[in-house]
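J.: Quick one, fold the following:
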Amino acid sequence: MGFELANVASPNSIKNTVVFSMFEAPDSIHNLEIALKQYQDDVTSLQQETWRDLSFKLFFYGDYAFLCTVFGISGASGKYCCLWCLITQTEMQESLDERGKKPSRTIETLKEDNKWFIEAGSNIKKAKMFNNAIRPPLFDIPIEQVCLPGLHISIGIFNRLYDLLVQELHTLDIHIANEIRDGEIGNHEFQNYIEGIKVHQNLKNQESNLLEEAQELESMASYNAMRFNNEEEVEFLLDRADSLRSQANDLTLRMALVSVPVIPNEDGPCAQELARVLKKIGAERQAYHGGSFNGNHTNKCLKVTSIDQLK
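T.: Sure thing, here's the model as predicted:
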């Protein structure tokens with residue numbers, strides 16, 4: 001955790017960033033409560049202070065999973081998954097004209113929804129009846145001052161599009177290799193082979209989503225066990241997590257039965273050209289980012305000149 005003064009020339013500079021809390025542990029609900037509750041009173045009092053007749057206005061930022069945990073909603077898997085308004089997952093797929101504008105959340109409505117949730121027994125199976133406000137907010141900061149995680153959104157979207165680009169280039173490389181071998185595989189077999197690649201990648205994405213949701217449910221189970229000692233609720237959450245992990249395991253077995261490319265992704269001419277362009281741009285995937293691009297490299301790739309080179 002850290003803080004920065006926002007109304008300065010370079011708010012994100014190293015000299016303007018102060019780290020005040022570090023702990024070496026998973027960012028589970030329980031761990032975050034232990035780490036952050038000690039600052040609740042300070043955050044509240046700071047918003048009431050003045051300096052040279054100027055008041056302090058606090059903004060809060062972090063990745064989306066962290067924001068959901070801090071402000072008490074059940075996260076991206078819940079029906080009401082948005083921290084800023086009461087839109088449902090289904091309505092997110094509709095245009096604004098179809099769904100209309102949705103009521104905004106406030107710190108007060110989050111507290112009220114959570115109050116009703118607790119009074120109704122804190123039953124996680126009924127979380128959607130209380131707009132998925134399953135925990136009280138850790139900080140009394142207005143929701144309109146909670147920043148959208150723009151960096152994480154841009155990195156996530158770019159990495160997804162980049163993965164699709166790599167898949168298509170790999171398909172072209174396999175096609176080229178097949179043509180060089182005078183069509184040895186045959187058109188029908190080749191198309192089936194390419195389809196197998198796409199099916200394999202789709203299964204891999206589904207598996208990743210299931211495991212992520214299972215981990216979130218296990219974190220919620222740990223929180224409920226320590227906070228409410230509700231055995232029935234904990235058992236439900238763990239059973240649901242086990243079910244998701246079982247589904248992920250089934251997908252792993254299915255992936256083993258699907259044909260995958262025998263040519264390494266980086267060996268084909270298209271993949272090699274992509275690597276050359278990325279090197280010229282000065283962007284590369286980072287091992288410490290789970291093999292993804294970091295923020296600076298994402299921004300480099302999204303410049304107009306870089307996009308022209310990647311076309």
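
J.: And stretch 113-127, what's buried?
T.: For stretch 113-127, burial by neighbour count (16 or more other Cβ atoms under 10 Å) applies to 113-114, 117, 122, 124, 127. (C-beta placed from N, C-alpha, C; glycine too.)

J.: a markdown table please, covering the residues you listed and showing distance to Lys300, secondary structure and pLDDT.
T.: Shown next, in a markdown table, are the buried residues of stretch 113-127 (distance: Cβ to Cβ, whole Å; DSSP: H, G, I helix; E, B strand; the rest coil; pLDDT from 0 to 100):
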| residue | distance to Lys300 | secondary structure | pLDDT |
| --- | --- | --- | --- |
| Asp113 | 42 | helix | 96 |
| Asn114 | 42 | helix | 95 |
| Phe117 | 44 | helix | 93 |
| Ser122 | 46 | coil | 85 |
| Ile124 | 42 | helix | 84 |
| Ala127 | 41 | helix | 90 |
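
J.: Specify which member of those is nearest to Glu24.
T.: If you rank the buried residues of stretch 113-127 by distance to Glu24 using Cβ to Cβ, Ile124 comes first, at 28.8 Å.

J.: Look at the residue nearest to the closest one when sequence neighbours are not counted and give its secondary structure.
T.: Nearest-residue entry for Ile124: Glu233, 5.8 Å, with adjacent residues in sequence omitted and distances by Cβ to Cβ, 6 or more residues apart in numbering. Here Glu233 takes the helix state, with states given by DSSP: H, G, I helix; E, B strand; the rest coil.

J.: so what pLDDT did Glu233 get?
T.: We note a pLDDT of 74 for Glu233 in this prediction.

J.: My guess is it contacts Asn123. True?
T.: Yes. With the criterion set as Cβ atoms under 8 Å, Glu233 and Asn123 qualify as a contacting pair; they are 6.6 Å apart.

J.: Could I get the buried residue list for the helix or strand in which Val166 is found?
T.: Applying DSSP states H and E as the criterion places Val166 in helix 150-180. Using 16+ other Cβ under 10 Å as the burial criterion, the residues of helix 150-180 that qualify are 152, 155, 158-159, 162, 166-167, 169-171, 173-175, 177-178.

J.: Check which helices and strands that helix is in contact with.
T.: Using 3 or more Cβ pairs under 8 Å, 6 or more residues apart in numbering; DSSP states H and E as the contact criterion, the secondary-structure elements in contact with helix 150-180 are helix 187-227, helix 269-281, helix 295-301.

J.: let's see it at 6 Å
T.: For helix 150-180, the elements it packs on are helix 269-281, helix 295-301, judged by 3 or more Cβ pairs under 6 Å, 6 or more residues apart in numbering; DSSP states H and E.

J.: Tell me which of those helices lies nearest to Val199.
T.: Proximity to Val199, assessed across these by Cβ to Cβ, is greatest for helix 269-281 (20.6 Å).

J.: Only alpha carbons, please: show that closest one as PDB.
T.: The C-alpha coordinates for helix 269-281 follow below in PDB (Å, rounded to 0.1, in the frame of the first residue of the first chain):
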ATOM      1  CA  PRO A 269       8.300 -16.900 -40.000                       C
ATOM      2  CA  CYS A 270       5.200 -14.900 -38.800                       C
ATOM      3  CA  ALA A 271       6.100 -15.400 -35.100                       C
ATOM      4  CA  GLN A 272       9.700 -14.400 -35.800                       C
ATOM      5  CA  GLU A 273       8.600 -11.200 -37.500                       C
ATOM      6  CA  LEU A 274       6.400 -10.400 -34.600                       C
ATOM      7  CA  ALA A 275       9.300 -10.900 -32.200                       C
ATOM      8  CA  ARG A 276      11.400  -8.600 -34.400                       C
ATOM      9  CA  VAL A 277       8.800  -5.800 -34.400                       C
ATOM     10  CA  LEU A 278       8.300  -6.100 -30.600                       C
ATOM     11  CA  LYS A 279      12.100  -5.800 -30.100                       C
ATOM     12  CA  LYS A 280      12.200  -2.700 -32.300                       C
ATOM     13  CA  ILE A 281       9.300  -1.100 -30.300                       C
END
